[in-house]
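K.L.:
for reference, the sequence and a predicted model appear below.
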Amino acid sequence: MSIEDEELARHDSEDVVLQQVIDELVRTDRAWTVDAAATELRDGIEAAGLPPRAPSWVTAVAEGVVRGEAYVVTTATRRETDVPQPPKHLENRVID
């Protein structure tokens, strides 16, 4: 395996762990505030040994957690993990 392949595999692995951290927060039955969700997200990222994320990214993901919506890190993580479905199904329909 080349150095580039090893780096890509490590990055993919980190993305899966990050997705799992986010999914766990979304599944937690709790009345989240954005600040509380952001704190838990930062703590989960640190506990998983992942590099810290930008504050704006953390806030955006935390806002989704509050709504019960999981941020999808990549299409690969979507395929490899059990990302929770949003709480409401929105119909895809055309309104005349």
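P.N.:
Received, thanks.
K.L.:
helix or strand with the lowest mean pLDDT in the chain?
P.N.:
helix 75-80 (a mean of 76; mean pLDDT, DSSP states H and E).
K.L.:
which elements pack onto that one?
P.N.:
On a contact count with 3 or more Cβ pairs under 8 Å, 6 or more residues apart in numbering; DSSP states H and E, helix 75-80 meets helix 3-27. Any C-beta I mention is one placed from the backbone N, CA and C, and that applies to glycine too.
K.L.:
name the residues of the helix it packs on that are buried.
P.N.:
Within helix 3-27, the residues that count as buried by 16 or more other Cβ atoms under 10 Å are Glu14, Asp15, Val16, Val17, Leu18, Gln19, Gln20, Val21, Ile22, Asp23, Leu25, Val26.
K.L.:
which one of those sits closest to Thr74?
P.N.:
Asp15 (5.3 Å; Cβ to Cβ).
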